[in-house]
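> Got a predicted structure here, sequence first:
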Amino acid sequence: MITPEYCRTMAAYNKWQNDGLREIVKTMDSKALEQDRGAFFGSIIATLNHLLWGDTLWISRFDGGPAPDQTIKDSTQYMPTSATWAAQRFRVDGRITHWADHVHAIDLTGTLRWYSGSLQRDFEKPVGLCVMQLFNHQTHHRGQVHAMLTAAGEKPNDTDLPFMPES
């Protein structure tokens, strides 16, 4: 379904996009970041927090590392400030990149089993599908953040994969 190269490309894309978002967020005041902008999670920082929470949860399922203690209900408050969000975002992007750099084709086959605390039930899904979910979820919510930042007068990076800088 997917390859290690896909994982490496998407991990690099994730890092590139989040590097740009961290640069913008550090210049914005908390009021602008917390303003309800009518998005699904309301504000820029709430959406960024949910995305970071989701990334941390999914990568924990792939690398066996730590997962968030919060459920989806509390995901919008995952990090208390934009500074803590930026620091944790940097760490999780490194974790995703490390996993992608070391994943093998065999690791992307088979079934992933986990218990969802949010839905209170067990799941079994193909590993490849779950990895695609990690990257699709990122792109989906970063698109929301991109729209909110643009509406707030900011200039986020281009989001097109062919224009990603070479590593």
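Perfect, thanks for sending it. Numbers count the residues shown, from 1 in each chain.
> C-alpha only now, for contacts and for neighbours.
Fine.
> Show me how far the lengthiest helix in the chain is from its chain's centre.
Criterion DSSP state H: the longest helix present in the chain is helix 127-151. Distance of helix 127-151 from the chain centroid (Cα atoms, centre = their mean, to the nearest Å) equals 7 Å.
> Ok, stretch 125-140 next?
Centre-to-centre, stretch 125-140 and its host chain are 11 Å apart (Cα atoms, centre = their mean).
> Kindly provide the whole-number mean pLDDT of that stretch.
For stretch 125-140, mean pLDDT is 97.
> picking up where we left off before, what are the buried residues along the longest helix of the chain?
Buried residues in helix 127-151, counted by 16 or more other Cα atoms under 10 Å: 127-128, 130-132, 134-135, 138-139, 141-142, 144-149.
> now the helices for the chain?
With DSSP H as the criterion, the chain has helices spanning 4-25, 30-34, 44-63, 82-102, 127-151.
> So which of these is nearest residue 165?
Residue 165 lies closest to helix 4-25 among the helices of the chain, at 8.0 Å (Cα to Cα).
> can you give me the angle that closest one makes with helix 82-102?
Angle, helix 4-25 to helix 82-102, by axes from the mean of the first three to the mean of the last three Cα atoms, to 10 degrees: 170 degrees.
> Show me what helix 4-25 is packed against.
For helix 4-25, the packing partners by 3 or more Cα pairs under 8 Å, 6 or more residues apart in numbering; DSSP states H and E come out as helix 82-102, helix 127-151.
> re the thing from before, report the angle between the longest helix of the chain and helix 44-63.
Going by the same axes, to 10 degrees, helix 127-151 makes 160 degrees with helix 44-63.
> Give me the contact list for helix 127-151.
1-2, 7, 10-11, 14, 37, 39, 43-44, 47-48, 51, 54-55, 58-59, 107-112, 155-156 (Cα atoms under 8 Å, 6 or more residues apart in numbering).
> Would you list the buried entries among the residues you listed?
Buried subset of the contacts of helix 127-151 (neighbour count, 16+ other Cα under 10 Å): 7, 10-11, 14, 37, 43-44, 47-48, 51, 54-55, 58-59, 108, 112, 156.
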